[in-house]
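Q: Provide a 3D model corresponding to the input given below.
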Amino acid sequence: MPEAASPSSRAPTVRQAALAALRDCGLTTVFANPGSTEVPFLVDLPDDIEFVLALHEASVVGIATGHALATGHPALALLHTTAGLGNAVGAIATARVNRAPLVVLVGQQDRRHLALEPFLTGRLEGLAGEYPLAVVTPVWAADVPSAIRRAAHTATAGRGPVVVIVPMDDWDAPADPAVAAAPQRLVAAPPAALVPPDLDELVSLLNRSTRPAILAGAGVDSERGWAAVASLADRMGAGVWSEPFGARAGFDQTHKWYAGQLPADRTRLRDALAPHDLLLVLGAAAIRQYPYDTGPLVPDHTRLVVVSSDIAEVTRSPADLSAVADPVATAEALAERLPERAGEAPPRREYPAYTLDGSGVLHPEDVFAVLAEHLPSDTVLLEESPSSRPALQEMVPARTPMGFLSAAMGGLGFALPAAIGVRMASPHRPVVAVVGDGSSLYAVQSLWTAAHHAVGVLVLVLANGRYAVMDRLADRRGGTAPWPAFPEVSVARIAEGLGVRAERISTHAELAERLPALCRTLADRAEPLLLEVSVEAGTTFQP
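A: Here you go, the predicted model:
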């Protein structure tokens, strides 16, 4: 290998060429928790490269994930060899299933003595398993800039994380533009055809259906997608369901055709779909479940049709007809081709009213009732309160695209850091994270980043002093849970220790006085605030 050049050498270094590649790819914010193997890259960063510190690697990737989801473009996360990548694997898995494009740079020991496995050597290639779209180790130092470009292109096209492993001495090595192994710019065709080649068959199936319905998934969560699904629902006279445990709301949940959330177990799912002879699934797999239940997925008389640009979603769906295609363009094409017919809009789903009368204990539904009334319509609400998620989704509808975000992977530690990343990318959009006290502890370190960078998120912690969802699942099992409650934990005190102002709410009167006023200031917040609300744990859980 050529002798490494000094950082002060006149010859361009790999680091300088890599920084140029990062600029070309729009990766000018580095979300990081650094270690020694990353120092050669980080010292004396140019002024146009912003460094955002998080205090744990899962928070690094979580914040980058929120940023990528909000912008629609790749974000850059920097991790420290084995420990850093290992700590972040769960968050990388979440980014993959949430379709967040990320470039994840991982530091490695000096290439010149890797064979001796010195301290901090990482066996990194397989550490994140199959969750990255790709794991790239440049074959030699001069390939690092091209590897970064390839990673950015792959992350953009595949909507997921790509890991690039860079030995620490590579940054100071001489650059060689003659060995470029990636395009400067990539114009990619859609990952699937815009509309299915067998659109006629799909039109025929829908025309023969007498009581169709639509399931709108994360793949249609955009302004164009919501409009396309609404037009198609009008044309078909069909109700629109949200997918169980979806990462995003794929449809306006206040629209007249909105039918509600499909249940996450087969028995109730079959009951919900019993009136329908066809379900058209757009931008999702068919159909995400949570607790296992016996029997067929859907009623025998209900045909399943799936359209998604994600081939993995299409191939794992037990559908009568599946198409790898753009679900938004397909919905638009179908709305033009199908004859208009009358249909009966689904009945409005009413949740029991909750009155803040100033007496009694608080329940999560009390908090959701206030949010439903006072949240601005363009709020991004991020959820990580497992035991009360069904009530939250039923009571607080998403009214604009990306109005609801959750961890498609199901792992805890997503909502709090992702909320910070979303607000950084969309500083004028209200952002609220609703998390349980147990859930919040998985990425509570990210609050420091919100405080340090003056990120105006509102974090609502529903504090019941226990893992309520686990308690309910143990009840279902009919046994005794070995885990204790933790009423002594105060997320508010932890937040204050991390530099975030925190308030505590324990009565109906305090909730009614404080939360509506906070909702009115969300768009203009210049600092984070954590509101810890003491609530009674629910006694049932039916997702």
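
Q: contacts and neighbour counts: CA atoms only from here.
A: Will do.

Q: center of the protein - which residue?
A: Among the residues of the chain, Asn98 comes closest to the average C-alpha position under C-alpha atoms, centre = their mean, at 4.4 Å.

Q: Surely it is in contact with Leu405?
A: No - Asn98 is beyond contact range of Leu405, at 9.1 Å (criterion: C-alpha atoms under 8 Å).

Q: joint contacts of those two?
A: Both Asn98 and Leu405 are contacted by Ala247, under the criterion C-alpha atoms under 8 Å, 6 or more residues apart in numbering.

Q: counting residues per helix, which one in this structure is longest?
A: For the chain, the helix with the greatest residue count under DSSP state H is helix 81-97.

Q: what's the angle from the helix or strand just after it to helix 81-97?
A: Toward the C-terminus, helix 81-97 is succeeded by strand 102-108 as the next helix or strand (DSSP states H and E). For strand 102-108 and helix 81-97, the angle between their directions (axes from the mean of the first three to the mean of the last three C-alpha atoms, to 10 degrees) works out to 170 degrees.

Q: Contacts for strand 102-108, please.
A: For strand 102-108, the external contacting residues (C-alpha under 8 Å, 6+ apart) are 37-38, 64-65, 68, 74-81, 84-85, 95, 120-122, 148, 151-152, 155, 160-168.

Q: In strands only, show me those.
A: Taking DSSP state E, the ones among the contacts of strand 102-108 that sit in strands are Ala75, Leu76, Ala77, Leu78, Leu79, Pro161, Val162, Val163, Val164, Ile165, Val166, Pro167.

Q: Could you identify which of these has the most neighbours?
A: Top of the ones in strands among the contacts of strand 102-108 by neighbour number is Pro161, holding 34 neighbours under the definition other C-alpha atoms under 10 Å.

Q: Next, the contact list for that residue, please.
A: Residues in contact with Pro161 (C-alpha under 8 Å, 6+ apart) are 92, 95-96, 100-104, 131-134, 155.

Q: Which residue is the nearest non-sequential neighbour of it?
A: Taking C-alpha to C-alpha, 6 or more residues apart in numbering, and ignoring the residues beside it in sequence, Pro161 has Leu102 as its nearest neighbour in space, at 4.3 Å.

Q: can you give me the helices for the stretch 301-450 of the chain?
A: With DSSP state H, counting those that start in this stretch as the criterion, the stretch 301-450 of the chain has helices at 311-315, 327-337, 364-374, 389-395, 415-425, 437-440, 446-452.

Q: May I have the fourth one as CSV, with CA atoms only?
A: Read that as helix 389-395. Taking Å, rounded to 0.1, in the frame of the first residue of the first chain, the C-alpha atoms of helix 389-395 are listed here in CSV:
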residue,chain,number,x,y,z
ARG,A,389,-51.1,2.7,21.2
PRO,A,390,-54.5,1.4,20.1
ALA,A,391,-56.3,4.2,22.0
LEU,A,392,-53.9,6.8,20.7
GLN,A,393,-54.4,5.8,17.1
GLU,A,394,-58.2,5.7,17.5
MET,A,395,-58.5,9.0,19.4
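
Q: Can you give me the buried ones in it?
A: By neighbour count, and taking 16 or more other C-alpha atoms under 10 Å as the criterion, the buried residues in helix 389-395 are Arg389, Pro390, Ala391, Leu392, Gln393, Glu394, Met395.

Q: how about JSON lines for those residues, with pLDDT added?
A: Formatted as JSON lines, these follow (pLDDT from 0 to 100):
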{"residue": "Arg389", "pLDDT": "92"}
{"residue": "Pro390", "pLDDT": "90"}
{"residue": "Ala391", "pLDDT": "91"}
{"residue": "Leu392", "pLDDT": "94"}
{"residue": "Gln393", "pLDDT": "91"}
{"residue": "Glu394", "pLDDT": "89"}
{"residue": "Met395", "pLDDT": "92"}
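
Q: can I get those residues in a markdown table with distance to Arg504?
A: Output for those, formatted as a markdown table (distance: C-alpha to C-alpha, whole Å):
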| residue | distance to Arg504 |
| --- | --- |
| Arg389 | 21 |
| Pro390 | 24 |
| Ala391 | 22 |
| Leu392 | 20 |
| Gln393 | 24 |
| Glu394 | 25 |
| Met395 | 23 |
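
Q: re earlier: among the helices of the stretch 301-450 of the chain, which is the most enclosed?
A: Comparing the helices of the stretch 301-450 of the chain by mean neighbour count (mean count of other C-alpha atoms under 10 Å), helix 415-425 comes out on top with a mean of 29.

Q: when you compare where that helix runs with where strand 75-79 runs, what's the angle?
A: When the same axes, to 10 degrees is applied, the directions of helix 415-425 and strand 75-79 differ by 130 degrees.

Q: other SSEs contacting helix 415-425?
A: Where contact means 3 or more C-alpha pairs under 8 Å, 6 or more residues apart in numbering; DSSP states H and E, helix 415-425 is packed against helix 57-71, strand 380-384, strand 431-436, helix 446-452.

Q: quick check, nearest of the ones in strands among the contacts of strand 102-108 to Thr540?
A: If you rank the ones in strands among the contacts of strand 102-108 by distance to Thr540 using C-alpha to C-alpha, Pro161 comes first, at 36.4 Å.

Q: any idea of the pLDDT on that closest one?
A: pLDDT for Pro161: 98.

Q: Confirm for me that His508 is in contact with Leu362.
A: Yes - under the criterion of C-alpha under 8 Å, His508 makes contact with Leu362 at 6.4 Å.

Q: where does the stretch 101-250 of the chain dip in pLDDT?
A: Applying pLDDT under 70 to the stretch 101-250 of the chain flags residues 187-193.

Q: How about the contacts made by Arg477?
A: The neighbours of Arg477, taking C-alpha under 8 Å, 6+ apart as the test, come to nothing; the list is empty.

Q: what pLDDT does Val457 get?
A: As summarised for this prediction, Val457 has a pLDDT of 98.

Q: dump the residue contacts of it.
A: For Val457, the residues meeting the contact criterion (C-alpha under 8 Å, 6+ apart) are 419-420, 423, 430-433, 450, 522, 525, 527-529.

Q: one more time with 6 Å
A: For Val457, the contact set (C-alpha atoms under 6 Å, 6 or more residues apart in numbering) comprises Val431, Val432, Pro528.

Q: do the same with Arg235
A: When contacts are taken as C-alpha under 6 Å, 6+ apart, Arg235 is in contact with Glu340.

Q: name the element it belongs to?
A: For Arg235, the host element (DSSP H and E) is helix 223-236.

Q: Name the residues of that helix that come out as buried.
A: Gly225, Trp226, Ala227, Ala228, Val229, Ala230, Ser231, Leu232, Ala233, Asp234, Arg235, Met236.

Q: Could you save those residues as JSON lines and add columns showing distance to Ser385?
A: Output for the buried residues of helix 223-236, formatted as JSON lines (distance: C-alpha to C-alpha, whole Å):
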{"residue": "Gly225", "distance to Ser385": "27"}
{"residue": "Trp226", "distance to Ser385": "26"}
{"residue": "Ala227", "distance to Ser385": "30"}
{"residue": "Ala228", "distance to Ser385": "31"}
{"residue": "Val229", "distance to Ser385": "28"}
{"residue": "Ala230", "distance to Ser385": "29"}
{"residue": "Ser231", "distance to Ser385": "33"}
{"residue": "Leu232", "distance to Ser385": "33"}
{"residue": "Ala233", "distance to Ser385": "31"}
{"residue": "Asp234", "distance to Ser385": "34"}
{"residue": "Arg235", "distance to Ser385": "36"}
{"residue": "Met236", "distance to Ser385": "35"}
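
Q: related to what we said a few turns ago, could you name the helices and strands sitting against the longest helix of the chain?
A: Packing partners of helix 81-97 (3 or more C-alpha pairs under 6 Å, 6 or more residues apart in numbering; DSSP states H and E): helix 57-71, strand 102-108.

Q: Including mean neighbour count, could those go into CSV?
A: CSV is the format used below for these (neighbours: other C-alpha atoms under 10 Å):
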stretch, mean neighbour count
helix 57-71, 29
strand 102-108, 28
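
Q: out of those, nearest to Ala492?
A: Taking C-alpha to C-alpha as the criterion, helix 57-71 is the member of these that comes nearest to Ala492, at 18.4 Å.
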